[in-house]
Structure formats: C-alpha cells, structure tokens
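show me the folded form of this:
(one chain, ligands or ions: 1)
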Amino acid sequence: MFFDMIHWRDFLDIAIIAFIFYRALLLLVDTRAMQLVKGLIVLGLIAALARLVHLEALSWVLGRLFGVIVIAIPIVFQPELRRMLEELGRGNILRRKQAEERAGQLTDEVTRALEYLRSQKIGAILVFQRDTGLKDFWRSAVKLNGEISEDLIVTIFWPGTPLHDGAVILDREKIIAAACYLPLTENSNLSRWIGTRHRAALGITEVSDAMALVVSEERGEVALAINGHLSRRLREDQIRRLLLHYFSAMPRRSSPWWETLKKELRNLWPAKESDRKEKENAKGN
Ligand SMILES: Nc1ncnc2c1ncn2[C@@H]1O[C@H](COP(=O)(O)OP(=O)(O)OP(=O)(O)O)[C@@H](O)[C@H]1O
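Residues are numbered from 1 along each chain as shown. Sure thing, here's the model as predicted:
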C-alpha cells in the first residue's frame, strides 16, 4: 500500500533537492554566511521544539523572526549570494583555473625543496603516488597527511631527525607519510654507484606506477625513477616540468564501487611479497 504511493519521480525529486542543498552548502563553507546557516538551524530546532510542546508565544515570535530573516538575507549577504551565482554559472572554468594554480603552487614548493636538499647534499626520496595505491608501503610508516610544502619536505629529510631515514610518499593533495621502507629493485645489472636509496626508488617504480625523485647525498644531484628506469642529473627546469605534469594530471575517472571495495580489501589483507612477485611474473608472461 505504502509502496504504491511511491513513484520513481519522488526519488529523483529528493535526490535533486539533496544535491542542490549539498552544492549550496559547499559554496557557503568558510564564508560569513555559514555562521548564519548554523544559527538558522539552531533557531529551526528551537521552533520545532516549541511547536511540539505547544509554547504558543515562542512559536509566534520565532515564526515572525523567520519572516524578517528571509527578507534580511539577500540584503546582508548580497556579496556572498552574488559570488555563489557567479560560481554556479562558470563552475567548470573556475575549478580548472583553481586546479592549474594549485598545480603550479605545489610544483614550486616541491621543486624548491628538492633544489635546497640538492644544494645542501641532503639525501631524500620522494615517491609520487599515481593510480596504484601504496598503502602497503606506508601502513607501518609515520602517517602525516600534511600539506605539501617546501618547509615540511626539508624538515623531514633534515639529517638526524627521526623521520629522515626512508622515503616520503605523497599524492596530488598531501604528504601521506614519511620514513617509509620501499622494496629494493630486483635488477642485478645496475652499476656499482647505485646505492640502496636509488635501489629503493627503482624498486617502488617496478611494483607500481609511481614516480620517485631521489636526491643523492654523495653527488648532490636529483634522479628520476620511473617504470624501473633511472635518469640522473635532472636540471631544475626538468624537475619543474615533471612535477607540473604530475600535479596537473587529473586523477583517472574513479573506479566502480566494486573495484574500490576490492582495493580496500586487498589493503586490509596485503598480499605477501612472494605472492605479489608471482602475480607480477604471471602478468609478464
Ligand atoms: N628500502 C629503503 N626504503 C627507503 N629508504 C631507503 C631504503 N634503503 C635505504 N634507504 C635510504 O637510503 C639511505 C642510504 O643511502 P645510500 O647511501 O646507501 O644510497 P645511495 O643510493 O648511494 O644514496 P646517496 O647517493 O644519497 O648516497 C638510508 O639512510 C635510507 O634513508
């Protein structure tokens, strides 16, 4: 009986309204208007309570107050409302511009950090996560979830500090963790000068699609490891271009929910190193 009264259009209706509220709230976050929204919610709750327990006078006053507020909102919050409508109108262009600006800013921060570490001959490994999740490698490390900044990167690798040993893993948003232990490369044809720091950087790019940048403590140079290959003596402009490409790339279209679930389950019960190698070999054959 109840289900006969529900039509698919009702679900659509509710979903659209929920979406509009959600987008409106997102636009209001961190603005003055958010305080007003919170105030209105509190007033609404008090009004509902007053009506429930039949406090007639309070209900009447709050009812009038809401009337006044509805008229006052467009006047007081005219700049915010204007910005909201503008953002709605050119949402995509604005978002793309903001993403470009952010990519440039992150590129600057990381490039400056690498250049500083290189000039001071401070050893470092930065692993840039792409589509392959690297949770297996940061699970037992020191989780940071910190803003990507020159200061934080330099501080992490500062000699003698508790986090300087091991790799930093970051993604396009955050520094995920520090002091991460990476698998060493299996490649036995590497030249003698390649020490464990560089072998670790190569190793992680053999088992994932990540890219790693290594600062050599001995030679004061920056190397790139990608797909099991190492390029040495990167110039600043090359580093900058690489990083801009990394930070500008949009994450791939999110995978369907069952893929995400599978990935999460795999992260909960990580495959043993030997199993992973077996799988890699099977893929290679
Ligand atoms: N498996 C690993 N995962 C993460 N970091 C590692 C790993 N192995 C070594 N490192 C880091 O590398 C440092 C040792 O570097 P080592 O001098 O052996 O290598 P390298 O490639 O010669 O580097 P450099 O040119 O800077 O001397 C360690 O102190 C540690 O911080």
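
tell me the contacts of the closest residue to the ligand within the chain?
Closest to the ligand within the chain is Gly195: 2.1 Å, counting by C-beta to the nearest ligand atom. Every C-beta, even on glycine, is put in place using the N, C-alpha and C of the backbone. Gly195 makes contact with Glu218, according to C-beta atoms under 8 Å, 6 or more residues apart in numbering.

after the strand or helix carrying Arg95 comes which helix or strand?
Assigned by DSSP states H and E, Arg95 falls within helix 91-119. Sequence-wise, the next helix or strand downstream of helix 91-119 (DSSP H and E) is strand 124-128.

Lys97 and Ala103: what is the separation?
Lys97 is 11 Å from Ala103, where distance means C-beta to C-beta, to the nearest Å.

correction: the previous question concerned Phe77.
Distance check for Phe77 against Ala103: by C-beta to C-beta, it reads 32 Å.

who are the contact partners of Leu242?
Contacts for Leu242 were tallied using C-beta under 8 Å, 6+ apart; they are 211, 213, 224, 234.

now the host helix or strand of Arg241, how far from the centre of its chain.
In this assignment (DSSP H and E), Arg241 forms part of helix 236-248. Centre-to-centre, helix 236-248 and its host chain are 18 Å apart (C-alpha atoms, centre = their mean, to the nearest Å).

what's the angle between it and strand 124-128?
40 degrees (axes from the mean of the first three to the mean of the last three C-alpha atoms, to 10 degrees).

buried sites along helix 236-248?
If you call a residue buried by 16 or more other C-beta atoms under 10 Å, then helix 236-248 has these buried ones: 239-240, 242-244, 246-247.

my guess is Glu186 contacts Thr205, does it?
No. With contact defined as C-beta atoms under 8 Å, Glu186 does not reach Thr205; the gap is 12.0 Å.

those two: which has the busier surroundings?
More crowded of Glu186 and Thr205, by other C-beta atoms under 10 Å: Thr205, with 22 against 13.

element containing the more buried one, please.
With DSSP H and E as the criterion, Thr205 is inside helix 196-207.

mind checking if the following helix or strand past that helix is in reach of the ligand?
Downstream of helix 196-207, the first helix or strand assigned by DSSP H and E is strand 211-215. No. On the criterion C-beta under 6 Å from any ligand atom, strand 211-215 is out of touch with the ligand, staying 6.9 Å away.

and what of stretch 166-185?
Yes. Stretch 166-185 comes into contact with the ligand (C-beta under 6 Å from any ligand atom), by way of 166-167, 181-182, 184.

and these, which is closest to Glu115?
Glu115 lies nearest to Ala167 out of the residues of stretch 166-185 next to the ligand, by C-beta to C-beta, at 18.8 Å.

in the sheet, who's paired with that closest one?
Beta bridges link Ala167 to Cys180 when assigned by DSSP bridges.

now do the contacts for it.
With C-beta under 8 Å, 6+ apart, Ala167 has these contacts: 125-127, 137, 178-182, 200-201, 204, 212.

before we move on, back to that, tell me the average confidence for the helix holding Thr205?
Helix 196-207 comes out with an average pLDDT of 95.

I'd say Ala99 and Glu173 touch.
No. Ala99 is beyond contact range of Glu173, at 11.4 Å (criterion: C-beta under 8 Å).

buried among the contacts of Ala167? Need that as a selection in ChimeraX.
With 16+ other C-beta under 10 Å as the criterion, this ChimeraX line picks the buried residues out of the contacts of Ala167:
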select :125,126,127,137,178,179,180,182,200,201,204,212
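
pick the one among the contacts of Ala167 closest to Ile153.
Set against Ile153, the nearest of the contacts of Ala167 by C-beta to C-beta is Leu126 (7.2 Å).

could you count how many residues lie near Val70?
Residues near Val70, counting by other C-beta under 10 Å, number 10.

how near is it to Ala167?
Val70 is 56 Å from Ala167, where distance means C-beta to C-beta.
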